[in-house]
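Q: need coordinates for the below:
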Amino acid sequence: MIVNINESPRIKTNSWQAIVKGARLETLPGAAVPVIIAIALAAGDMYRSGNIADFNFIPALLCFLFAEIMQINANYINDYFDFKGGHDSDARMGNARVATQGWMTMPFMKKVIFGTNILAALVGLPIMLYGDWKLLFAIGALCMIFSLLYTTLFSKRALGDVMVLLFFGIVPVCATYLVLTGTCNWYVFVASIACGFEIDSMLVINNFRDHDEDLRTGKHTISHMLGRKRMLQFYLAIGFICVALGAYCYYIYGYAMAFHLQIIYLLNHMRVYHTMKAIWQGPELNKQLAKNGQNILLYGVLIAVGILLTFI
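A: Numbers count the residues shown, from 1 in each chain. Below is the predicted model:
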């Protein structure tokens, strides 16, 4: 649907309802899945080594909460700077944005962004008690810097996908595993790359859907480099890349069930691809974006369940 500036007059300006709307809760699975996979890998490896009694739920929970808060923070920043830069308008096909709709004033949104950063720091600082505090502090600081630079710099220069691979794959998976086990290894790194590609599938649909609007507003994405046809092919390839990488990080390393369960995810991924190919463009893509979000969560749950089923 075309967003109407008066779409929801019941949402009062700068209200709690507006704050919740701006958080974009539907995006939270993208931040949760990397941590879920890392927790499952850490628990599985500790079980195999006979150290499962040392598994600590507190840092696991802190990592999970930090990732979710940073996702919400990034959403507010994205809303703020896209509106300020003229990249959001009342003609966009995506879900309504709080700044565009007038549900939040810009000064109020600044305060909300400041608040989410403070909350992320309060949750993130205790994590440093569970490892090399200098390294963990640096990782947390990079996450906060990334949440700002993603919208203001990288996403406008066709580097958004690289940043997603780093900060929704490599960084959260490897860092969470490191916090929980005190170490990291090559197969966890490969698992983090697979996870990063999977989360990137959401950005691929976004850029595929917004191809013309982004071009009109001067926002340069990978969709403009590849073209919409190849962008769609890239989306399909992501599913197979994730499964192929899983052959190493799950099957070969001893978590065969996690590898096999990926096939369920891949079938759903292919269904979204075929639907996108059929409709090609228009607001119907919003439904496929929602289904893709469900697939991302399904991917993380299947991997985690597959790892844990290995020991039953």
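
Q: so residue 172 versus residue 236, what's the distance?
A: 25 Å (C-beta to C-beta, to the nearest Å). C-betas here are computed from N, CA, C, even on glycine.

Q: er, residue 273 actually
A: 5 Å.

Q: these two: who's more crowded?
A: Between residue 273 and residue 236, counted using other C-beta atoms under 10 Å, residue 273 has the larger neighbour count: 21 against 18.

Q: dump the residue contacts of that one.
A: Shown in contact with residue 273 (C-beta atoms under 8 Å, 6 or more residues apart in numbering): 232, 235-236, 239.

Q: before we move on, what about residue 173?
A: Each residue near residue 173 by C-beta under 8 Å, 6+ apart is listed here: 34-35, 37-38, 41, 188, 191-192, 195.

Q: give me the subset of those lying in helices.
A: Those of the contacts of residue 173 mapping onto helices are 34-35, 37-38, 41, 188, 191-192, 195, per DSSP state H.

Q: most neighbours among the contacts of residue 173, please name it.
A: Busiest of these [other C-beta under 10 Å] is residue 191, holding 32 neighbours.

Q: please produce TSV containing the contacts of residue 173, extended by distance to residue 218 and pLDDT.
A: Below are the contacts of residue 173 laid out as TSV (distance: C-beta to C-beta, whole Å; pLDDT from 0 to 100):
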residue	distance to residue 218	pLDDT
34	31	97
35	35	97
37	36	97
38	37	98
41	41	97
188	39	97
191	37	97
192	33	97
195	31	97
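
Q: may I see the buried residues of stretch 200-217?
A: Buried residues in stretch 200-217, counted by 16 or more other C-beta atoms under 10 Å: 200-211, 213-214, 217.

Q: where does confidence bottom out across the residues you listed?
A: Within the buried residues of stretch 200-217, pLDDT reaches its minimum at residue 217, with 77.

Q: still on that earlier bit, from the buried residues of stretch 200-217, which land in helices?
A: Residues of the buried residues of stretch 200-217 located in helices (DSSP H): 200-209, 211, 213-214, 217.

Q: pull the most distant pair out of the residues you listed.
A: Within those, two members stand farthest from each other by C-beta to C-beta: 201 and 217, at 23.2 Å.

Q: of the ones in helices among the contacts of residue 173, closest to residue 150?
A: Using C-beta to C-beta, the ones in helices among the contacts of residue 173 come closest to residue 150 at residue 34, 15.6 Å.

Q: any idea how far that closest one lies from residue 107?
A: Distance from residue 34 to residue 107, by C-beta to C-beta: 33 Å.

Q: kindly report the same for residue 129.
A: Taken as C-beta to C-beta, the span from residue 129 to residue 107 is 36 Å.

Q: same question, residue 227
A: For residue 227 relative to residue 107 (C-beta to C-beta), the value is 40 Å.

Q: higher neighbour count, the two?
A: residue 227 (11 against 8).

Q: how about the more buried one, phi and psi?
A: Backbone geometry at residue 227, expressed as degrees, to the nearest 10, gives phi 90, psi 160.

Q: quick one: pLDDT of it?
A: 90.

Q: what's the answer for residue 5, then?
A: At residue 5, pLDDT is 36.
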